[in-house]
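> Just to be clear, the model below is a prediction. Sequence and coordinates:
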Amino acid sequence: MKRLAATLVLFLVAGAGRASDAPDVWAGYLDYAYVYSSAEPDALKRRLDEYGREAGQSLPQLIAARFALPSATAEPDETASRRKAIAYLLDYLARGDLASLEASVEAVHDLEGGLHRPENRYWYHYVLAHRALEKGRRFDFVGEVLDLWLHVVVPLEASFESLQTLSLDESPNSGLASALPYVYENVARLVLLRAPRLGLDRDLDPLGAIVLMLHDGRVGAHPDVIPVQASSREYLDRIVQRLEGPESDGGSLTFVLALFEATRRHEQARGLLASEGLSPRTLDAMRVASGAYATALERADTVQGRCAVHTRMLRQLGELYVARQRLGVNPEIEAPFGVEDAIVVYEAMAAARDGGWEQLGWAKDGRPAYVAAMRGLWEEIQEATLNVADYYLARSLASPAFADDDARNAARLHERYLGLFLEHATAQGSDGVPDSAYFAAHEAAKGMGDAYLVYAPHPTAAEVELAIRRYRAALGIFPFDRALWSSLAAGLERQGRVGDYLSVARPVADGVTRSRALDTWITSGEPEAARIAALRRAFSDSQALMYLGFAEAGQVGKLSGDLRGLRAQRAEVGRRLAALTARRDGSAGPVLVSLDDAPPANAAPLDAAELSELSREIEEAKTLRARLDQQVDARTRTLPVFEATLETDGLAAELRARRDHPLHALLRRMYHERRS
Amino acid sequence: MDRRLGTWRVGLAVLAAALALAACRTPSAPDTLLGPEETAAESRPLGGQSLAQRKQELDRAWRDLVHFHATLESLRHRKDRNGFVLFSGFVDAYMGTHLDPLIEPEWQSEHPELQGLDANVRLVQAELLMHLRNPQRMQRALNEIERRYAGRGEMLVDYPVGEQSRLADAIENLTTRKWRG
């Protein structure tokens, strides 16, 4: 086979520069056209121009001189007709001239009497397939490709193997059999590249079998003929992976090609977004990608297929809103579908949880693939929802005039997500809910509280009440967000219920300290066990809980200074009490008002009134010292506990950034433990 | 679209007529110089490259049938009637022109190195005939398997696709599903 290519090269070299032999030189080029006819139009044109220079006659000149004259077709013989059909087809492929395609079709019909020869049959179906593509006749196209396979590939395969076994595949007499690797490649490119490019994007499913067969030890399996990297093997691998994988639509090739095209457009838009921001070109690319996703959705017949499209489409939606927020621009792009449509698909999948999921498209892939698809779709729903809500919150700060509306839009989105979460994150049916959904529920609840208490300038009393309830819920799901405890306190303060803080916070904290799941996590030394243990210690202490609610991280230095002052004050009170007691007992001079006071000499004995006054002062000093003891002890014990909780700062950001953070699994366990 | 479907229907009708004519035709007398005619199918390679090649052909045919099965299942599941008709014509023609001659030789079903592959191919063919809603041909294929593999019901076969079972169980499985195509 290597010799085949070498023969072609020698042939071309030998023919170079001899204009008078041009038709003969071109005959060789045309006979071996299956080697290069699938090249991209520009590359094909360059190659044909080069051949023209070597032959001393360009392809259009050859066509004009040899095939376009009426006399040339007066007595068509098989070989001449085939070469004529090939010449016109090459001209069409290189220049896109439809007249050339029609001339090729006309010539190829002259071969109908000689279709027993594989090369005639190959070009016959190959040319007609191109014409069907150009005319948009999809069933004709599918039929021509199936015919090509049945009448050319299948018979040639047995011959090819015999020839290869005997090392005769490079023999000049081996005919088209030796060209089988090129035939595979050409069919693959015709179906996978050219058909979608020409807009044939439906009813291709019968060709799924051809694609699977091409992938099965055919394309890329003859590296001595076509190097793997020069073949369409890699592309074919990706197509078949989609065709047989969990992102399929019941094995539909039409759908896979449509989704592949949409994904390609999405990648282009993403690249432009990274390099140019939301430029007009980026927006155009995003619109094209959205349109391609809409086409893919239209082609989807199963829930499996719709799930794959929505999962990818929501990613683009999330990226758009993140970019809007980051870049501070607000271009309008009509999305063909959004979060609500994706939720409808998710609900359909969830409804089949206990039976019938196979019929949704996952029969071949199995339940794990079905569950993985549900979780994948959920994650995109949650990310898109949170991103869009964040965008509204950011916009409420940028445009105070619309802040109330934007904050409420964000709150509505968060509430929608929480509704979905409550519906599906149940003990029995949460397998389709990913671990990261629990932290996302915390974010949504917190975001809803923030929307009313931080972003909306004029929340109603009911909204403030709802915000406080959402803060409590957010703490219940993820209590390790230190800042949220002070948000709760601030919310209560806004309601004039600051005194209720402990009664509201205590049950949440108790839930954490009593959690067996958390205890197991910490004692087993699971990830982040030390940081979480510090917070758990704080939750068991009401005073530490008060610090969490009312102390800022930056106040730790001041609180330590206050403690030192309290200790000094206690020591002073102690000394004063000792002096008072000694005077009353007659064992010392007068009471020191302060440490700077000099003791008076020759103090007189106390009368009854003085003794009574002294006793009262002693009692007061004792009470003060007891209170100071209590304060010092409490602060001495609690302040380090509160300081230790500062170590947990950043945990929420880490979970937000990583859907696969190990703590997500702990949150899931704690959530269901509380409800069991 | 209709033209293509029509073409397939006409093609199938022509094919059926040609097969009927061929069945009625009187065989021509053997050339006395060449001696009794022996078809390629009757020649029995005992080993070496020819056997390896036949094994390769059977294996490829089986894999191709599995791909046909996946595509037919997909078309049926998606209720793609036009696609199903188009592809059914292709599968039918493939069986008639390529598969049937490939599995015709008796010796393949007895050869220790080929019998497994031969049985696998026949079982997938029967399964495809069920999907093509052709229970008569499917029954003939099953009868042929039973005749060729009489007494070898314990043999392990790759059926259903992706699984293994005893040949007797595979035949029973197919028989009970014959009308479900």
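The structure has been received and is ready for your questions.
> Please count neighbours and contacts with C-alpha atoms only from this point.
Noted.
> what about residue A:605, which SS state?
Of the three states, residue A:605 takes coil under DSSP: H, G, I helix; E, B strand; the rest coil.
> so what's it closest to, chain neighbours aside?
Closest residue in space to residue A:605, ignoring its immediate chain neighbours: residue A:586 at 7.9 Å, by Cα to Cα, 6 or more residues apart in numbering or on different chains.
> which SS state does the one you found fall under?
Classification of residue A:586 using three-state DSSP returns coil.
> any idea how far it lies from chain B?
104 Å (Cα to the nearest Cα, to the nearest Å).
> any idea which helix or strand carries the residue nearest the centre of chain B?
Nearest to the mean C-alpha position of chain B, counting by Cα atoms, centre = their mean, stands residue B:125 at 4.4 Å. Take DSSP states H and E as the rule and residue B:125 turns out to sit in helix B:115-131.
> and that helix, what does it pack onto?
helix B:48-77, helix B:135-148, strand B:156-157, helix B:167-176 (3 or more Cα pairs under 8 Å, 6 or more residues apart in numbering or on different chains; DSSP states H and E).
> Can you show me the CA trace of whichever strand or helix holds residue A:532 as CSV?
Assigned by DSSP H and E, residue A:532 falls within helix A:529-539. Output of helix A:529-539 as CSV, limited to C-alpha atoms (Å, rounded to 0.1, in the frame of the first residue of the first chain):
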residue,chain,number,x,y,z
ALA,A,529,-11.5,17.4,60.8
ALA,A,530,-9.4,19.8,62.9
ARG,A,531,-11.0,23.0,61.5
ILE,A,532,-14.5,21.6,62.0
ALA,A,533,-13.6,20.4,65.5
ALA,A,534,-12.7,23.9,66.5
LEU,A,535,-16.2,25.1,65.5
ARG,A,536,-17.9,22.2,67.2
ARG,A,537,-16.2,23.2,70.4
ALA,A,538,-17.5,26.7,70.0
PHE,A,539,-21.1,25.5,69.3
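> quick revisit: read off the pLDDT value for the residue nearest to residue A:605.
What the model reports as pLDDT for residue A:586 is 75.
> quick one: the residue of the stretch 301-450 of chain A found nearest chain B from residue A:338, how far?
Of all residues in the stretch 301-450 of chain A, the one sitting closest to chain B is residue A:301 (6.4 Å; Cα to the nearest Cα). Going from residue A:301 to residue A:338 by Cα to Cα, to the nearest Å gives 19 Å.
> Quick check on these two: which one has the bigger neighbour count.
With neighbours defined as other Cα atoms under 10 Å in any protein chain shown, residue A:301 and residue A:338 compare such that residue A:301 has more, 20 against 16.
> got a list of contacts for stretch A:505-525?
Under the criterion Cα atoms under 8 Å, 6 or more residues apart in numbering or on different chains, residues A:472, A:475-476, A:479, A:485, A:529-530, A:532-533, A:536-537, A:539-540, A:542, A:545, A:666, A:669-670, A:673-674 lie in contact with stretch A:505-525.
> one more time with 7 Å, if that's ok
With contact meaning Cα atoms under 7 Å, 6 or more residues apart in numbering or on different chains, stretch A:505-525 is reached by A:476, A:529, A:533, A:536, A:539, A:540, A:669, A:670.
> report the angle between the axes of the helix or strand where the last one lies and helix A:529-539?
Following DSSP H and E, one finds residue A:670 within helix A:663-675. For helix A:663-675 against helix A:529-539, the angle between stretch directions is 40 degrees (axes from the mean of the first three to the mean of the last three Cα atoms, to 10 degrees).
> helices or strands up against helix A:663-675?
Applying 3 or more Cα pairs under 7 Å, 6 or more residues apart in numbering or on different chains; DSSP states H and E, we find helix A:663-675 packed against helix A:436-450, helix A:516-523.
> most tightly surrounded among these?
Comparing the helices and strands packed on helix A:663-675 by mean neighbour count (mean count of other Cα atoms under 10 Å in any protein chain shown), helix A:436-450 ranks first with a mean of 26.
> average pLDDT across that helix?
Rounded mean pLDDT across helix A:436-450 is 97.
> could you give the angle of that helix to helix A:663-675?
Calculated by the same axes, to 10 degrees, helix A:436-450 forms an angle of 80 degrees with helix A:663-675.
> got the residues of the stretch 51-200 of chain A near chain B?
Contact residues, the stretch 51-200 of chain A versus chain B (Cα under 7 Å from any Cα of the partner chain): A:137, A:139, A:140, A:143, A:146, A:150.
> Spit out the contact partners of residue B:170.
The neighbours of residue B:170, taking Cα under 7 Å, 6+ apart as the test, are residue B:159.
> ok, now the one 4 residues further on?
With contact taken as Cα under 7 Å, 6+ apart, residue B:174 is in contact with residue B:127.
> Quick one: find the helix or strand in chain B with the lowest mean pLDDT.
Least confident helix or strand, chain B: helix B:2-24 with a mean of 46, by mean pLDDT, DSSP states H and E.
> For chain B, what is the nearest residue in the stretch 451-600 of chain A?
Here the stretch 451-600 of chain A gets closest to chain B at one residue, residue A:526, 40.2 Å apart by Cα to the nearest Cα.
> what's the answer for the stretch 1-150 of chain A, then?
Counting by Cα to the nearest Cα, the stretch 1-150 of chain A gets nearest chain B through residue A:139, at 5.0 Å.
> give me phi/psi at that residue?
Torsion angles at residue A:139 (phi, psi; degrees, to the nearest 10) stand at phi -70, psi -40.
> Okay, buried residues for stretch B:91-107 please.
Buried residues in stretch B:91-107, counted by 16 or more other Cα atoms under 10 Å in any protein chain shown: B:91, B:92, B:93, B:94, B:95, B:98, B:99, B:102, B:103, B:105, B:107.
> hmm, back to that, nearest to residue A:352 among the residues of the stretch 51-200 of chain A next to chain B?
When those are compared for distance to residue A:352 (Cα to Cα), residue A:139 wins out at 34.8 Å.
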